[in-house]
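Asks: below are the sequence and a predicted model for it; my questions follow.
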Amino acid sequence: MYKSIIRPLLFKMNAEQAHHFTFKTIKSTFKIPGVQALVNARFGSLPGKQKEVMGLTFKNPIGLAAGFDKDAKLYNELAAFGFGFIEVGTLTPKPQDGNPKPRLFRLVEDEAVINRMGFNNGGLELAKERLKAKKTDLIIGGNIGKNKVTPNELATDDYLKGVDALHDVVDYFVVNVSSPNTPGLRELQEKGPLMELLAAVQKRNEELGAKPLLLKIAPDLTDGQLDDIVEIINELNLSGVVATNTTISREGLKADKAKVEAIGAGGLSGKILRERSTEVIKYLRQRLNPEIAIIAVGGVFKGADAKEKLDAGADLVQVWTGFLYEGPAMVRRMLRSL
């Protein structure tokens, strides 16, 4: 039903309009008594799929990646769709509008998405209040970033504000320095700035009562850059790494080249990213300390994709673009094959 009726209707809207329409529809529908229980019965998680990672008990290993529920507006309702965990954000200290619209584009031929959202969100404090109203027992992660107006030399302050604000309302943190849509952000992935940033964030996290702290990285890093990141993660004893964010590459796309060029800049996600993401996961697993967790994201649409990531060394898997194309039955269908 989703692919034959609902998705074609949603795809008649532009991608961002469809996203907001979906949010409003789910939010309003779930206010009807019994709807959430019905959805959970049809699409919810399966028993016996729990997994212990980073000292946390996940209902199952399939999570919803950051970027879908940026402002923690829908996580209580999304819990009924089978996810083992949900990551909210990316959240910045101050509210910001993000980049000019249009900024979200589908490449249907590739089952892919290009986005240049630019960390659009309502800020840490609003999200914190929503997270205080948590009704689900799911693990919730907080993905934190810096405001666009904050220069890189002051970026650490923004990430510390993220830890301070969300420490009591999330179960783990992800430091996002890998989005291609905030000017200069990926420069923070370089060894010197990254070591300084993560050391400060880890220190604050430990002062408040240590929660798992992970780093989200780009798929476009060289082996040398990945080696630097491995060294930093091992040295600081971070809890894990999220691999990978979107790519700035456009290689291998089926979509018309002129169409892709007309869309312009942005991070590419979807099936096209599956192979590179898995390569990065294998590379990291061979070099990271064995207790450091890997959350895999990139090109996961089917159970076989998730199994590929887990076999490559990932402990958990996240979806985003796949959920858009596959629909609400996606997670349960994947879990049946794991």
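Replies: Yep, that arrived.
Asks: which parts of the protein are strands?
Replies: Using DSSP state E, the strands of the chain run over 51-53, 56-58, 62-64, 85-91, 104-107, 112-115, 139-144, 172-176, 213-217, 240-243, 267-270, 293-297, 316-319.
Asks: list the contacts of the residue nearest to residue 79 when sequence neighbours are not counted.
Replies: Nearest residue to residue 79, sequence neighbours excluded (Cβ to Cβ, 6 or more residues apart in numbering): residue 136, at 3.9 Å. Yep, even glycine has a C-beta here, placed from its N, CA and C like the rest. Taking Cβ atoms under 8 Å, 6 or more residues apart in numbering as the criterion, residue 136 is in contact with 75-76, 79.
Asks: all helices for the stretch 51-200 of the chain, in order.
Replies: Taking DSSP state H, counting those that start in this stretch, the helices of the stretch 51-200 of the chain run over residues 75-78, 124-132, 155-166, 191-208.
Asks: just give me the neighbour total for residue 213.
Replies: Neighbour count for residue 213, taken as other Cβ atoms under 10 Å: 23.
Asks: do you know how far it is from residue 293?
Replies: Counting by Cβ to Cβ, to the nearest Å, the gap from residue 213 to residue 293 is 11 Å.
Asks: report the set of residues contacting both of these two.
Replies: With Cβ under 8 Å, 6+ apart, residue 213 and residue 293 have common neighbours residue 239.
Asks: got any ranges where the protein has weak pLDDT?
Replies: For the chain, no stretch is flagged by pLDDT under 70.
Asks: was I right about residue 292 contacting residue 232?
Replies: No: under the contact definition of Cβ atoms under 8 Å, residue 292 does not touch residue 232, with a separation of 11.3 Å.
Asks: joint contacts of those two?
Replies: residue 238.
Asks: circling back: for the residue nearest to residue 79, give me phi and psi.
Replies: phi -100, psi 160 (degrees, to the nearest 10).
Asks: do residue 61 as well
Replies: Torsion angles, degrees, to the nearest 10, at residue 61: phi -80, psi 10.
Asks: do the same with residue 69
Replies: phi -110, psi 70.
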